[in-house]
Structures are given as structure tokens and as C-alpha cells.
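>>> no sequence on this one, just coordinates:
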């Protein structure tokens, strides 16, 4: 406890429990924060690019995740340090907003902080460094806009979108069949995209997976896949031109809300009760039949008696379908969700060209596919793979590619990948720094050096000599004034990313620069770290 005395000699406390609190101030606080952030960034550095390595993460309860998706790695690493957590938030916000580039944004933030540490050692004030970084990021974002290219696509010509999605997938585990995967993602996005408004509702794209089969068996289904089966084994497994009743009311006799007790003392009374229950079921099934439904999808379960009657009436049914899936089915089939049997009518039924139950291999696993839907505004990507980890990683990879296609529908500007955009920005920032009179010019040059960390990491991960490769490509960019030259990670023989077809979205790259700069500014402005003592 820290004691002080007022003018009358009375003691008072300045900081409660000061003895148990740890406190770092000034330059030491900044150095320790930078060290923590850089150690997190170094973890992701080896996962960048098409030849990036994967990480295996084991949770406390033994679950294993294999991935090279930056956001997933940081999420599951359980970072303790408060500044490390900022980088976890950074990659998460990149994931939420753009969906791709989660590794690059953390590597860039780490490089900016490493450069800032060198400037701090030279005695430059952290706020001047932060201001220099801010000026440099503006120059870099303007340069990105200048070197970006627009490409035109429409519902018939989707090749440019496929090329960009292939760039995203080339760094993932699915890169051996990236062409097929990219086409699946683009077709899924175009199926649900509203091109007039430039908007895509990703909730309408469902990604389902099932262990077994090979990665090449992954398909796009113009409809919904349900991880359920038809409720009775003797019902039809294939229904053509289905009229679907979507119910949120259970196939059960009504239950009174109050507590109740029934005394049955004779066989006649029991028989009467049984007939009454049977009548409820018969009425429910009759109402479904009367509406013209050929398939019933119910949010709740129903007992064996109701199931038996539905089978007798040749009315296939699916039970225990979740609320989100029900909504997707309603959107896709053009049906209405019906809360009571009395409200069921022909105009509230959804329609689908085919509903069928499929089985997998030698297992008892079954799934239901609803395809050729009336509105067909909901699609499902059905992933197959050798094991659960493979399927989970494929789902994450497809999510990134879908987000990239969505971003291109919203804004069809691209920059070229392979570190070419970063090097072009670095050159522009260095030129701009020559016209800045103050100390900020040193920070701007440091920003340009930090931008080179992305192509350096790409070259390093691809087994190329990093310093030689980056220096050669950068000098070639300056000589030829060609911002499309990048690191030839795949060793195709050309550094021109336009020829290689390596694209990235403009808004994704700009977001990376802006987010990384914001977080670095935030970290540099912290000069006092007070950690509360642990509870005894």
C-alpha cells in the first residue's frame, strides 16, 4: 500500500494494494508491448503465402485443429498477454470485414512494430512515429488505388472471379484442386448475389461436410442439404416435384399448460382417451394431405403413432430440423413457415424439383438433399474429405474464397499479389518521405521497410533467398515502372503477377494496411502498463 500524508499529518492511500500491482512505465512499457506483439506475429510469419506451413493446435480437451488460417490460429492459441490479444482482435476484424488476409495483416503489424523499436532506440518520440505511420498509410492506400485495375464480369463471364478465388485457395490445404473449388465458390456467390445492388447475403450459402470420399467429390447443390433422414424407413426416399409443408408445430396432442391428473378406472375410459388421441393425429395428417403437401418438414419431433399414420397416408416426413435450416428451406422453396395446422393451406407450401435421401458408403449415415428449388436463392456446398480435420480446414478455406468473391461483387477492383502491391507501396512511401521535412520522414521510411516484410516472408516460405529475391524484384519494378512484379513463389519463370494470374481484392489490401496501422498506433501510445495483483 502506498501511503502519503496531508498538511495535517493524516495518512491517506494513493493506490490501493500498490504492493501487489506490477507496473512498467515509459520506454520499458513500449519495448515489452512491442516484444509481445512481435512474438505473436512471428508465429504466423511461416504460414504466409502459397508455400506457407500449417499449424497444429491442441485444445485443453484434446481437440486437434490443423490450419494455416491466421484468424483460426490466433483464436485457438489462447494468447494471455494483453497486447497479444490486440493482434488476435486485429486478425478477427480482418476476418469479419474482408474474410481473407488474416495472416498478412498480423505479419505487417509485427513488422511495423519491429521498425518502431529501432526508431525508439534512436530517441524518436513514439507519437511522432505514430504520426509518420499514419501519413505513410495514407500514401500507401492512395498508391494501391492508383495501381489497381477494374475488371468486368457478369453472370455469364465469371472467369475473373474464379482467378481471384484461386489465388486465395493456393495458400490453403485444398490447393491441389483449387480450380474446382474456386468455381464452386464463385457459382455459389453468383447464385445468391444481387448484382444490381452489389450485395451478397452469405447466410444463404451453407457449407456442409461429411467424412468419407475424397476432396474432389465436393459439389455445389442448388438447394439445401440436411443432416437428417426420412422419419420412417418405409416412406418414399425420393420425392419428385415435392410440395413441402414447413411446420413449427409438433405432431402431438395438445398439452394443458396447468398441472393435471387423469384418473382412468375402466377400460372404456382408456379406450376413449386413445381414440381421442388418435383423432388428433388423424386430423393433423388429414390437414397436411388436404393442403396438397407431399412432404412434411417439422421443427419438432413426433411420436411413433404419428409417424405410423404419416407412413400409412404415404406422406414422407422429416423431423427435428433446426430453426436456421427451416428459414433457409423456406427462402429456397418459396414456402411459408406455418405455426399451426389450422393455418396450413396450398399457397403456403414450398416447392422443389427433387427431394431425396442419400446414404454414404457402408455407414448408416444419411442426408437429405432438397434441390431444384422454386426460388433457388439458397445454395449448399457439400464438402467431402478423408477426415474431420481435413473437412474443417476445407470449410475455412472455402469461407475465405467465398468472402473474396463477395468482396469483388461489392467492389470489382483488384491489385496483383505475390508481394507486388506491397513493394509498389513501399517505393511510393519512400518517395513521399523525401518531401517531408520533419522527424516523421524516418517513420515513413520505416513503414516502407516494414511493407517489404510481406514479400520477404513469401520468398522465405517458398525456399528462395529472401533478401536477394526482394532486392531483385524491387529494382526491376523501379527500372520498368511496372507495379505488377512480385515474388515468383511457384517458380513459374516469370515475376509478372498479371501473367501468373495472381490477384487480390483492392478493399482487402487497403483494409490490411489501415487496420495494421491503427493497431500499431494504439500500441505505441501506451506508456504505462499496470497489472492488478492476483486474488489470494
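Yes, it's here. Nothing here was measured: the structure is a model prediction, and the numbers come from that model.
>>> give me the contacts around the host helix or strand of residue 131.
In the assignment (DSSP states H and E), residue 131 maps to helix 126-147. Here helix 126-147 makes contact (Cβ atoms under 8 Å, 6 or more residues apart in numbering) with 30, 112, 116, 119-120, 413, 415-416, 421, 424-425, 428-429, 432-433, 436, 438-444, 446-448, 451, 483, 506, 509-510, 513-514, 517, 520-521, 524-525, 527. For glycine as for every other residue, the C-beta is placed from the backbone atoms N, C-alpha and C.
>>> what's whatever helix or strand comes next after it packed up against?
Once the chain leaves helix 126-147, the next helix or strand it forms, by DSSP H and E, is strand 149-150. Counting contacts by 3 or more Cβ pairs under 8 Å, 6 or more residues apart in numbering; DSSP states H and E, strand 149-150 is packed against strand 413-416.
>>> can you give the contact residues for the strand it packs on?
Contacts of strand 413-416 with the rest of the structure, by Cβ under 8 Å, 6+ apart, involve 144-145, 147-151, 164, 408, 421, 483-484, 486, 497-498, 502-507, 509.
>>> same check, this time on stretch 359-378
191-192, 204-206, 208, 210, 212-213, 221-230, 242, 244, 318, 328-329, 331-334, 350-358.
>>> contacting residues for residue 44?
By Cβ under 8 Å, 6+ apart, the contact set of residue 44 is 70, 73, 74, 103, 106, 107, 110.
>>> those residues: which two are farthest apart?
73 and 110 (13.6 Å; Cβ to Cβ).
>>> of the two, who's got more company?
residue 110 (26 against 23; other Cβ atoms under 10 Å).
>>> so the residue lying closest to that one once chain neighbours are set aside: helix, strand or coil?
Across the structure, with Cβ to Cβ, 6 or more residues apart in numbering as the measure, the residue nearest residue 110 apart from its sequence neighbours is residue 41 (2.3 Å). Here residue 41 is helix, with the state taken from DSSP: H, G, I helix; E, B strand; the rest coil.
>>> so residue 41 touches residue 105, yeah?
No - between residue 41 and residue 105 no contact is recorded; they are 9.8 Å apart, counting by Cβ atoms under 8 Å.
>>> and the two? which has more neighbours close in?
Ranked by neighbour count (other Cβ under 10 Å), residue 41 and residue 105 place residue 105 first, with 30 against 26.
>>> so how far is residue 363 from that one?
As for residue 105, its distance to residue 363 is 41 Å (criterion: Cβ to Cβ, to the nearest Å).
>>> can you map out the strands along the stretch 401-536 of the chain?
Ranges of strands in the stretch 401-536 of the chain, per DSSP state E, counting those that start in this stretch, are 413-416, 503-505, 528-531.
>>> now do the second one: everything it contacts.
When you say that, I think you mean strand 503-505. Everything outside strand 503-505 that qualifies as a contact, by Cβ under 8 Å, 6+ apart, is 98, 100-101, 160, 163-164, 167, 404, 407-408, 411, 413-417, 421, 497.
>>> which neighbouring elements make contact with the strand or helix carrying residue 96?
Under DSSP H and E, the secondary-structure element containing residue 96 is helix 82-97. If you count contacts as 3+ Cβ pairs under 8 Å, 6+ apart, helix 82-97 packs onto helix 26-45, helix 70-77, helix 102-121, helix 506-524.
>>> now do stretch 190-201, average pLDDT.
Confidence for stretch 190-201, expressed as mean pLDDT, is 82.
>>> an error on my part: the question was meant for stretch 229-237.
Model confidence over stretch 229-237, given as mean pLDDT, is 85.
>>> same check, this time on stretch 162-181
Confidence for stretch 162-181, expressed as mean pLDDT, is 84.
>>> what residues sit buried inside it?
Residues of stretch 162-181 classed as buried: 162-174, 178, 180-181 (neighbour count, 16 or more other Cβ atoms under 10 Å).
>>> nearest to residue 386 among these?
residue 173 (11.3 Å).
>>> tell me the secondary structure at that closest one.
When the structure is split into helix, strand and coil by three-state DSSP, residue 173 lands in coil.
>>> the nearest residue to it once chain neighbours are set aside: what's it in contact with?
In space, residue 173 comes closest to residue 393 once its chain neighbours are excluded; the distance is 5.0 Å by Cβ to Cβ, 6+ apart. Residue 393 makes contacts with 66, 67, 69, 172, 173, 174, as judged by Cβ under 8 Å, 6+ apart.
>>> go ahead and confirm residue 325 touches residue 226.
Yes - applying Cβ under 8 Å as the test, residue 325 and residue 226 come out as touching, 6.2 Å apart.
>>> which SSE is the residue lying closest to residue 85 once chain neighbours are set aside in?
The shortest distance from residue 85 to any non-neighbouring residue, by Cβ to Cβ, 6+ apart, is to residue 79 (5.5 Å). If you go by DSSP H and E, residue 79 is not part of any helix or strand.
>>> quick one, phi/psi of residue 79?
When quoted as degrees, to the nearest 10, the phi and psi of residue 79 stand at phi -70, psi 130.
>>> do you know how far it is from residue 87?
Taking Cβ to Cβ as the criterion, residue 79 is separated from residue 87 by 8 Å.
>>> shared neighbours of those two, anything?
Shared contacts of residue 79 and residue 87 (Cβ under 8 Å, 6+ apart): residue 40.
>>> which of the two has more neighbours?
Taking other Cβ under 10 Å, residue 79 and residue 87 do not tie; residue 87 has more neighbours (29 against 18).
>>> assess the claim that that one and residue 112 are in contact.
No - no contact is recorded between residue 87 and residue 112 when judged using Cβ under 8 Å, the distance being 11.5 Å.
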